[in-house]
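Asks: 3D model of this:
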Amino acid sequence: MARNSALVSTVLAAAALAFGQNTASLEGTVTNSVSGEPLARAHVVVRGTGTARYGAITNATGKFSVAGLPQGNYTIQAEHVGFAMPAGVGGVSAVSAMVRAGDVRSDVKVKLVPLGSIAGRVLNADGEPAEWVRVSAENDNGAAGYDGTTDDRGEFRIGGLRPGRYRVKASPQSIPMPPEIRSDGTTETHYIATYHPNVITAKEATRVTVQAGNERSGVEIRLWKKPVVRVSGAVSGMPAGGANSQIELIRDDTSFAAAAAKPDGSFTFWRLDPGKYTATAYCVAGGQRMRSAAVEIEVGDANVDQVDLRIIPPADLAGQVLYDDEEAKPKPNASPRKVTLEDLDKMISVQAAEIGPDDRFQMKNIPPGRYTVRLSPETAFVRTVRLGSSETEGRVLNLHNGASGISATLKLSGALGSVAGVVTADKGPAVNARVALIPENAGAGFVTTVTATTADGSYLFEGILPGRYKLIAVSADDDKSLEDHTDEVEHIEVQPRDRLMQDLVLPSLFNIGVRKK
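Replies: Numbers count the residues shown, from 1 in each chain. This next block holds a predicted model:
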């Protein structure tokens, strides 16, 4: 019996040894990025290329250990109440590590940044506390956090904010109803969404800086009041048997409103904040969802009436491509290009079609609207768009009146540019700095591109569409998002076939010369 027990123990020990030789371990520490102190009971998550997740909890000294990892590349993230992972190179909030079978890596260091907060109060136009007002902190990507409502003293506090700069917005509660009927000579007061300190657009707002682990107090917002106005109109072109239509309003700062049209197609919106909106009507007929083209509306101090939203059935779109230069033509044996339409008003992809060997493409059931035309892969760009006898510069396809009977001709150009340079810091080249190329005209379908500098501080963007861009560089360990550096940019313009050289300096960007090859 003793002999059998010894044999079992020997087999288990051998199996454990073999298991350890075929797998790897990751060990490390989680610390406060500001104080350097270890963080106990932080939750560490390790992810590989598959679906498996591995986890651990740090001990009193902030240490963790994850064993039994197959060979491969992993990302390590940690979470702790009151802390967040800072964005690393490329904006990714994770630490990377590669292990081979039998490795025991004990050098993993995860730093968490302590979160901050914003506190202050909201006043009405007469300087009195405003109660039950929602307050939010926004960065360039939208709302980052909010506290619900102000109290009876008009005070608020927004916690859980990453270090950075925020626009603080107060949004009074508003019921979409007509104004009160009063006989005493007064008119109902309508308070609208207001940014700190007392402006009504995001561009005018003063940004509030939140530092790691600190509270920014004393932030005051004085609400604007405006007349109660309406937006009204009618939905036309409703097909026989169509269900009641819905109308959607989207404001330039992404606020949203929706309402149902009456049986006669009429609709009314009340108490909209000032700004530019796009209005779109939707309905369902014969099992098919239809819509109108988006109509632009600007709301101010007066009513906006007689808005006509015409339902147009989707239709097929036929098209062909022409080539402006040899660079635009597809390379031999290359994968077929695709044409994609992106709704310019909704900023969503609608449909993609492959360009055939005869340089033609076909798209089914395209709704009315305005579209940005994209190519995939983007080894060329759309220089002009022709509908019938009308040709326009750029890659915007205007199907406001629908696609029925329309043939589109896209003229492609391969005259792409590049942007390159060197990023330096006080002590020499800035290694692994994040460099972002941000289009100034994002609405035309351009996208932000991010890269990292090499060991000599150099960076390179290739295949860049002609246009105007903002160029930003931040250090690899910068806890802020790229959007928080929008005041520290270089403005550049890329011409067709440009080879633009732009050197940058951290932490403050300044132009040290632009030269072209």
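Asks: tell me where the stretch 301-450 of the chain is predicted with low confidence.
Replies: Where the stretch 301-450 of the chain drops to pLDDT under 70, the residues are 347, 349, 442-446.
Asks: show me where it has strands.
Replies: Ranges of strands within the stretch 301-450 of the chain are 304-312, 315-323, 338-343, 348-354, 360-366, 369-376, 381-387, 390-393, 396-399, 407-413, 417-425, 428-429, 434-439, 449-452, based on DSSP state E, counting those that start in this stretch.
Asks: could you dump the last one to CSV, C-alpha only?
Replies: If I follow you right, that is strand 449-452. Taking C-alpha atoms only, strand 449-452 is exported to CSV below (Å, rounded to 0.1, in the frame of the first residue of the first chain):
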residue,chain,number,x,y,z
THR,A,449,-4.6,57.5,-37.9
VAL,A,450,-2.3,56.7,-34.9
THR,A,451,1.2,55.4,-35.0
ALA,A,452,4.2,55.0,-32.6
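Asks: who are the packing partners of that strand?
Replies: When contacts are defined as 3 or more C-beta pairs under 8 Å, 6 or more residues apart in numbering; DSSP states H and E, strand 449-452 sits against strand 434-439, strand 458-464. Quick note: C-beta positions are derived from backbone N, CA and C, even for glycine.
Asks: count of residues packed around residue 191?
Replies: Counted with other C-beta atoms under 10 Å, residues neighbouring residue 191 total 21.
Asks: right, I mislabeled it, should have said residue 308
Replies: 14.
Asks: how about residue 108, nearest residue that isn't a chain neighbour?
Replies: residue 28 (2.9 Å; C-beta to C-beta, 6 or more residues apart in numbering).
Asks: now do the domain split for this structure, please.
Replies: For the chain, automatic domain parsing gives the domain ranges 2-114, 116-226, 231-312, 315-413, 417-516.
Asks: and the helices and strands packed on strand 449-452: which comes nearest residue 471?
Replies: Shortest separation from residue 471 across the helices and strands packed on strand 449-452 is recorded for strand 434-439, at 6.0 Å, computed as C-beta to C-beta.
Asks: just to revisit the earlier point, in CSV, list the strands of the stretch 301-450 of the chain along with distance to residue 132.
Replies: Compiled in CSV, these are given as follows (distance: least, C-beta to C-beta, whole Å):
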stretch, distance to residue 132
strand 304-312, 28
strand 315-323, 48
strand 338-343, 36
strand 348-354, 34
strand 360-366, 45
strand 369-376, 38
strand 381-387, 50
strand 390-393, 49
strand 396-399, 43
strand 407-413, 51
strand 417-425, 48
strand 428-429, 54
strand 434-439, 38
strand 449-452, 41
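Asks: average pLDDT for stretch 268-276, rounded please.
Replies: For stretch 268-276, mean pLDDT rounds to 92.
Asks: and the end-to-end length of that stretch?
Replies: As for stretch 268-276, its first-to-last residue distance stands at 17 Å under the measure C-alpha to C-alpha, to the nearest Å.
Asks: count of residues packed around residue 410?
Replies: Using other C-beta under 10 Å, residue 410 has 24 neighbouring residues.
Asks: quick check: it vs residue 495, distance?
Replies: Taken as C-beta to C-beta, to the nearest Å, the spacing of residue 410 relative to residue 495 amounts to 21 Å.
Asks: got it, and residue 472?
Replies: Taken as C-beta to C-beta, the spacing of residue 472 relative to residue 495 amounts to 21 Å.
Asks: quick one: the helices in the protein, in order.
Replies: Applying DSSP state H to the chain gives helices spanning 2-22.
Asks: hmm, residue 393 and residue 382 touching each other?
Replies: No: with contact defined as C-beta atoms under 8 Å, residue 382 does not count as touching residue 393 (9.8 Å).
Asks: when the two are compared, which one has more neighbours?
Replies: Shown here are residue 382 and residue 393; by other C-beta under 10 Å, residue 382 has more neighbours (24 against 10).
Asks: for that one, what are its contacts?
Replies: Listed by C-beta atoms under 8 Å, 6 or more residues apart in numbering, the contact partners of residue 382 are 373, 375, 394-395, 410-413.
Asks: at 7 Å what do you get?
Replies: With contact taken as C-beta atoms under 7 Å, 6 or more residues apart in numbering, residue 382 is in contact with 373, 375, 395, 410, 412.
Asks: residue 337: which of the residues you listed is nearest?
Replies: For residue 337, the closest of those turns out to be residue 375, at 5.8 Å, with distances computed as C-beta to C-beta.
Asks: nearest residue to that closest one other than its sequence neighbours?
Replies: The spatial neighbour of residue 375 that comes closest, neighbours along the chain excluded (C-beta to C-beta, 6+ apart), is residue 337 at 5.8 Å.
Asks: how about residue 159?
Replies: The shortest distance from residue 159 to any residue that is not its chain neighbour, by C-beta to C-beta, 6+ apart, is 4.3 Å, and that residue is residue 117.
Asks: related to what we said a few turns ago, select only the buried ones of the contacts of residue 382 in ChimeraX?
Replies: This is the ChimeraX syntax for the buried subset of the contacts of residue 382, where burial follows 16 or more other C-beta atoms under 10 Å:
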select :373,375,395,410,412
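Asks: including distance to residue 112, could the contacts of residue 382 go into a markdown table?
Replies: Putting the contacts of residue 382 into a markdown table (distance: C-beta to C-beta, whole Å) gives the following:
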| residue | distance to residue 112 |
| --- | --- |
| 373 | 44 |
| 375 | 42 |
| 395 | 43 |
| 410 | 49 |
| 412 | 48 |
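Asks: tell me what residue 172 is bridged to.
Replies: Listed beta-bridge partners, residue 172: residue 133 (assigned using DSSP bridges).
Asks: check residue 78 too.
Replies: Partner residues in beta bridges with residue 78: residue 44, with DSSP bridges as the criterion.
Asks: please look at it and residue 108 and confirm they touch.
Replies: No: look at residue 78 against residue 108 with C-beta atoms under 7 Å: they stay out of range, at 10.0 Å.
Asks: who touches both of those two?
Replies: Counting by C-beta under 7 Å, 6+ apart, nothing touches both residue 78 and residue 108.
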